[in-house]
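**Q** need coordinates for the below:
(chains A and B)
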Amino acid sequence: EAGVAQSPRYKIIEKRQSVAFWCNPISGHATLYWYQQILGQGPKLLIQFQNNGVVDDSQLPKDRFSAERLKGVDSTLKIQPAKLEDSAVYLCASRPTPGQGSYEQYFGPGTRLTVT
Amino acid sequence: GEDVEQSLFLSVREGDSSVINCTYTDSSSTYLYWYKQEPGAGLQLLTYIFSNMDMKQDQRLTVLLNKKDKHLSLRIADTQTGDSAIYFCAADSNSGYALNFGKGTSLLVTP
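**A** Here you go, the predicted model:
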């Protein structure tokens, strides 16, 4: 079974530029999460999708961050404009729909963003 | 989100057992997880435990859960140098089962 795919793996941009990250979850996983992991910290949830609907975006800085999952499969996360404090690893994770017997949340390799 | 706390560092000798401890605050958490992260890599799910269990064993890994004290531990038997990594404790939230993570425990295994 293929894992969660993310691209790009690394990105370096200047502040005030925009950037987009892509995630392809495990096939059949209805729930998709984006987490931000700042160096030396644990991941923090940014947004959660169930199919193509947003379940929780309370921690997403909506003035600069946006995310979508239009067809309920792939997802993109965008930052515009980027700030220095956005430097982090952006992790995508997926899991089957709760109630389908699996509570395992699988993570992709992440995209390491450096804002200069 | 709710808090998950872990000690930051642990050093053990190869062949010894490692015990990594974690406390959490969200009493509604249904599942609690342990993830491993090696340098430059993503998060690897090691194991998880349902909140109404008090122990789960999986090969060299033993998870103990004290739900009353909201305390979770991960024991690694016969620790090897390849076990050197950062270990994250995580508790799921009531809302959509998103995970609240601790800051991670850096495990160093010395020969």
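**Q** chain A contacts on chain B?
**A** Contact residues (Cβ under 8 Å from any Cβ of the partner chain) of chain B with chain A: B:1, B:4, B:30-31, B:33, B:35, B:41-45, B:48, B:50, B:88, B:90, B:92, B:95-104. Just so you know, the C-beta spots here come from the backbone N, C-alpha and C atoms, and that holds for glycine as well.
**Q** ok, now with 7 Å
**A** B:31, B:41-43, B:45, B:48, B:88, B:95-99, B:101-104 (Cβ under 7 Å from any Cβ of the partner chain).
**Q** just name the closest of those residues to A:C92, please.
**A** Ranked by distance to A:C92 (Cβ to Cβ), those are led by B:G42 at 9.2 Å.
**Q** how many neighbours does the closest residue to chain A within chain B have?
**A** Here chain B gets closest to chain A at one residue, B:F101, 3.1 Å apart by Cβ to the nearest Cβ. B:F101 sits with 23 neighbouring residues when counted by other Cβ atoms under 10 Å in any protein chain shown.
**Q** SS state for the closest residue to it other than its chain neighbours?
**A** Once flanking residues are discounted, B:F101 sits nearest to A:G42: 3.1 Å by Cβ to Cβ, 6 or more residues apart in numbering or on different chains. At A:G42 the chain is in coil, as set by DSSP: H, G, I helix; E, B strand; the rest coil.
**Q** can you give me the pLDDT of A:G42?
**A** Looking at A:G42, its pLDDT is 93.
**Q** ok, now A:N51?
**A** The score at A:N51 is 89. That number is its pLDDT.
**Q** got phi/psi on it?
**A** phi 50, psi -120 (degrees, to the nearest 10).
**Q** what about the nearest residue to it once chain neighbours are set aside, which SS state?
**A** Spatial nearest neighbour of A:N51, chain neighbours left out: A:G72 (4.2 Å); criterion: Cβ to Cβ, 6+ apart. Three-state call for A:G72 (three-state DSSP): coil.
**Q** cool, A:K62 as well?
**A** coil.
**Q** where's the residue of chain A found nearest chain B relative to A:S58, distance?
**A** Going by Cβ to the nearest Cβ, chain B is nearest to A:G42 of chain A, at 3.1 Å. Using Cβ to Cβ, to the nearest Å, we find A:G42 at a distance of 18 Å from A:S58.
**Q** go ahead and name everything in contact with the helix or strand containing B:L32.
**A** Assigned by DSSP states H and E, B:L32 belongs to strand B:31-37. Strand B:31-37 is touched from outside by A:103, B:43-51, B:63, B:65, B:72, B:74, B:85-92, B:99, with contacts defined as Cβ atoms under 7 Å, 6 or more residues apart in numbering or on different chains.
**Q** let me see the mean pLDDT of it.
**A** Across strand B:31-37, the per-residue pLDDT values average to 95.
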